[in-house]
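S.K.: Sequence first, then the predicted structure:
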Amino acid sequence: MAAMAVYAELKFRDGLKEKISVNVENNLSSLINGIQELNPNVSRLLSELVDVGYHTCAFQNVHEEEEDDSDESEPEHPENSEVQPPAKRSKT
């Protein structure tokens, strides 16, 4: 009988692949146990990926805020613009 395995594969944006596999026997209880063993491993891998993405995003936001600080001397709205009331809605 050939060895059986349950596996998960994560493909990253850069094309790299991460494979996780668990050997199982040819019966339902072994398959269920294999999936239960695979689940925390996949969760750990995805959690690490989310953490890396979060830190990368936070790092980019810090640099964007630093770049935005130099624009604070310019007003957001032109000085000669007047605030207009909202347009009236027509009854239909």
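M.R.: Everything's here; your move. Just so we're clear, the structure is a prediction, and the values are computed from it rather than from any experiment.
S.K.: In the sheet, which residues pair with Glu18? Tell me.
M.R.: With DSSP bridges as the criterion, Glu18 is bridged to Leu10.
S.K.: what's the pLDDT at Gly34?
M.R.: pLDDT, Gly34: 93.
S.K.: Next: the one 5 residues further on.
M.R.: Confidence at Asn39, expressed as pLDDT, is 92.
S.K.: What about it, how many residues nearby?
M.R.: For Asn39, the count of nearby residues is 12 (other CB atoms under 10 Å). Where you see a C-beta, it was placed from the backbone N, CA and C, and this is true even at glycine.
S.K.: repeat for Thr92
M.R.: Counted with other CB under 10 Å, Thr92 comes out at 3.
S.K.: Lowest-scoring secondary structure element of this protein by mean pLDDT?
M.R.: helix 28-69 (a mean of 78; mean pLDDT, DSSP states H and E).
S.K.: measure the closest residue in space to Val22 that isn't next to it in sequence to Lys88 for me?
M.R.: Nearest non-adjacent residue to Val22, counting by CB to CB, 6 or more residues apart in numbering: Gly34, 4.4 Å away. Taking CB to CB, to the nearest Å as the measure, Gly34 falls 66 Å from Lys88.
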